[in-house]
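> Structure, please.
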Amino acid sequence: MPQEMAVEVVRDPSHGFTGVPPQPGSTPRPPEGERPAELRVKLYRTSEKMLTIFACAPDLAAPRWHEAPLEVSPDDLRERADRLRNRWHDLVVYYQSEGDELGTQVGSRPFAEAADLSELADRAESVTARLAEEGYDLLDVMLHGSGYDLGRFREFLFTALGGKEPLRVSFDSEVHLPWPMLAVDPETCASPWEAFLGHRHQVEQTTSRYPWDHAPLGDRDLATTSLNKDDALDLVGRAREVHKLLEERSRLIVRSHGSDLLHALAAPVLNEDVMYFWCHGRMVHSGPSTPGLSIRLSDDEHIDGPVVSRKRRRFRRDSHARFKPFVLLNACGTARAAAPGRLKHLGQELIDMGADGVLAPQIDMPQDFATEYAYAFLDLYLTGRYTAGEISLLLVRRFASEFRNPLALAYALHCGIDSRLRLAS
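Numbers count the residues shown, from 1 in each chain. Okay, here's the model as predicted:
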């Protein structure tokens, strides 16, 4: 007598025979179809030395907010974040070979001189494991304490972040931490790569301010982009290929002088969909306060947050003006933020002036890797099919699996998780 067999489909790489499964050796594609569940985390100051943390998973059937006071001070949290960035500098960017790695010279910087670290896979794996431990330590310290509410909150957040399914995680925080570089407990993961929040989830630093209506551009057949560059970097890595990609796939505006950039920023309507910066960034002391972040193109004009504010603040929230580009700020350390009460860094000010999102590195980024990352990101973003959050997650996993390189984790999104190229407005 025929029997019915119980079948449970645990993997469906073809999505019900509606797509082609990933082929061996092929580059993974950003996820399509179902939108990942959301996790929202809000971290704000309730007194000079006290922070309170909130979190909510709004896609649950019965969402609720979780709340607890933190026992770590804001200053201690910032110092530990700086320490984590410095560990990345020491272990990856500025690591000097002692000559024991295959094919490397004593004193060379093997992790900074090539984007593909496959030939140094063992060493890269060891370094990544140490970085995962450091990332977990920061998250552990942030949520460490003896309070009952904090213990329950810690349990909720670690369970959510350590789940198998990728999430869209938005951190609305006065303390800007390098969120993608934080990690869950590596001991609970199959590999150290999988511990990082930026490898598990789409992650952004966000804000709770209301968006504002910009002047519409109408329907267009092609995106408008700008390349704001230091000519001295034209021959670095894939810089010329990035230039060609933008030239072939968009209406490209090239600027090599800060004066041209400032002139464009002073106009009420800046109709660029993508602003790409390929230049150097550095911290500049402008007074007794903490130093501010500044970039330069090919001339000696310093572009920083106050300059951008001066050029555009009269247009802020003006429905007849437009400044809504997605910004890839490919200059060292430009994802870092100033502490509350200080002059805002460049990326923060671009967001305040209306930018749709800013993607930038948290640390000094090796130039060859920076061009590889830029090419890969822009190649996908200009299709208009994927959000910046989807692409960021994809590239972290891609550079980990193909190149054994963790540096994609050092790129951080500010308010850009849902940014997508749209040619109708």
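
> which residues of the stretch 151-300 of the chain score low on pLDDT?
By pLDDT under 70, the low-scoring segments of the stretch 151-300 of the chain are 285-290.

> could you pull out the helices for it?
197-200, 239-249, 258-265 (DSSP state H, counting those that start in this stretch).

> The closest residue to H214 other than its chain neighbours pairs with what?
Leaving aside its sequence neighbours, H214 sits nearest to R322 (C-beta to C-beta, 6 or more residues apart in numbering; 4.3 Å). Placement of C-beta: from N, CA and C, glycine included. Beta-bridge pairing of R322 under DSSP bridges involves V269.

> Going forward, the N-terminal residue is numbered 12.
Sure, I'll start numbering at 12, so the last one becomes R333.

> Spit out the contact partners of S237.
Neighbour list for S237: 263-266, 275, 283, 285-287, 336 [criterion: C-beta atoms under 8 Å, 6 or more residues apart in numbering].

> Counting neighbours, which of those residues end up buried?
By neighbour count, with 16 or more other C-beta atoms under 10 Å, those hold 263-264, 266, 275, 283, 285-287, 336 as buried.

> And these, which is closest to R249?
Y287 (12.9 Å; C-beta to C-beta).

> Can you tell me the strand partners of the helix or strand F65 falls within and which way each runs?
Assessed by DSSP states H and E, F65 sits inside strand 61-67. Counting by DSSP bridges, the strands paired with strand 61-67 are strand 49-58 (antiparallel), strand 76-80 (antiparallel).

> Go through the ones you listed and name the closest to P203.
Each of the strands paired with strand 61-67 has some distance to P203 by C-beta to C-beta; the shortest is strand 49-58, at 22.2 Å.

> Count the residues that sit near the residue nearest to D284 when sequence neighbours are not counted.
Nearest non-adjacent residue to D284, counting by C-beta to C-beta, 6+ apart: A234, 4.3 Å away. For A234, the neighbour count with other C-beta atoms under 10 Å is 19.

> From R415, how far off is A234?
Look at A234 and R415: by C-beta to C-beta, to the nearest Å, they are 33 Å apart.

> picking up where we left off before, out of the strands paired with strand 61-67, which comes closest to D127?
Closest to D127 of the strands paired with strand 61-67, according to C-beta to C-beta: strand 49-58, at 32.9 Å.

> circling back: I'd like the buried ones among the contacts of S237 as a markdown table, with distance to P177 appended.
Listed next are the buried ones among the contacts of S237 as a markdown table, based on distance: C-beta to C-beta, whole Å:
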| residue | distance to P177 |
| --- | --- |
| L263 | 33 |
| I264 | 35 |
| R266 | 37 |
| A275 | 37 |
| E283 | 30 |
| V285 | 25 |
| M286 | 28 |
| Y287 | 27 |
| P336 | 27 |
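
> Report the distance from stretch 76-93 to the chain centre.
21 Å (C-alpha atoms, centre = their mean, to the nearest Å).

> For stretch 165-180, could you pull out the residues that count as buried?
165, 167-169, 171-173, 177-180.

> if I look at A68, how far off is L178?
On the measure of C-beta to C-beta, A68 and L178 end up 8 Å apart.

> okay, and the common contacts of these two?
Common neighbours of A68 and L178 (criterion: C-beta under 8 Å, 6+ apart): 48-50, 171.

> Please convert these to TSV, extending it with distance to G229.
Formatted as TSV, the shared contacts of A68 and L178 follow (distance: C-beta to C-beta, whole Å):
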residue	distance to G229
A48	35
E49	31
L50	36
A171	41
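
> Closest one to M192 out of the residues you listed, please.
The closest of the shared contacts of A68 and L178, once distances to M192 are taken by C-beta to C-beta, is L50, at 17.5 Å.

> dump the residue contacts of the closest one.
By C-beta under 8 Å, 6+ apart, the neighbours of L50 are 66-68, 171-172, 178-181, 212.

> can you rerun that using 7 Å?
For L50, the contacting residues are 66, 68, 171, 178, 180, by C-beta atoms under 7 Å, 6 or more residues apart in numbering.

> Can you spell out which residues form a bridge with it?
Under the criterion DSSP bridges, L50 forms beta bridges with V180.

> So for stretch 345-362, what gets flagged as buried?
Using 16+ other C-beta under 10 Å as the test for burial, stretch 345-362 gives 345-349, 354-362.

> same check, this time on stretch 61-76
For stretch 61-76, burial by neighbour count (16+ other C-beta under 10 Å) applies to 62, 64, 66-68.

> and it, how far from the chain's centre?
Relative to its parent chain, stretch 61-76 has a centroid offset of 23 Å by C-alpha atoms, centre = their mean.

> Report the mean confidence score over that stretch.
Across stretch 61-76, the average pLDDT comes to 82.

> Stretch 355-370 now?
93.

> So for G352, what pLDDT did the model give?
72.

> and it, that's in a strand?
No - judged by DSSP: H, G, I helix; E, B strand; the rest coil, G352 forms no part of a strand; its state is coil.

> picking that back up, dump the buried residues of stretch 61-76 to a markdown table, plus distance to T218.
Below are those laid out as a markdown table (distance: C-beta to C-beta, whole Å):
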| residue | distance to T218 |
| --- | --- |
| L62 | 17 |
| I64 | 16 |
| A66 | 16 |
| C67 | 16 |
| A68 | 20 |
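
> Touching, the residue nearest to H225 and V280? I think so.
Yes - R333 is within contact range of V280, at 4.6 Å (criterion: C-beta atoms under 7 Å).

> ok, the two, which is more surrounded?
Legend: neighbour count by other C-beta under 10 Å for R333 and V280, higher for R333 (21 against 13).

> how about that one, what does it touch?
Neighbours of R333 in contact, by C-beta under 7 Å, 6+ apart: 225-226, 280-282.
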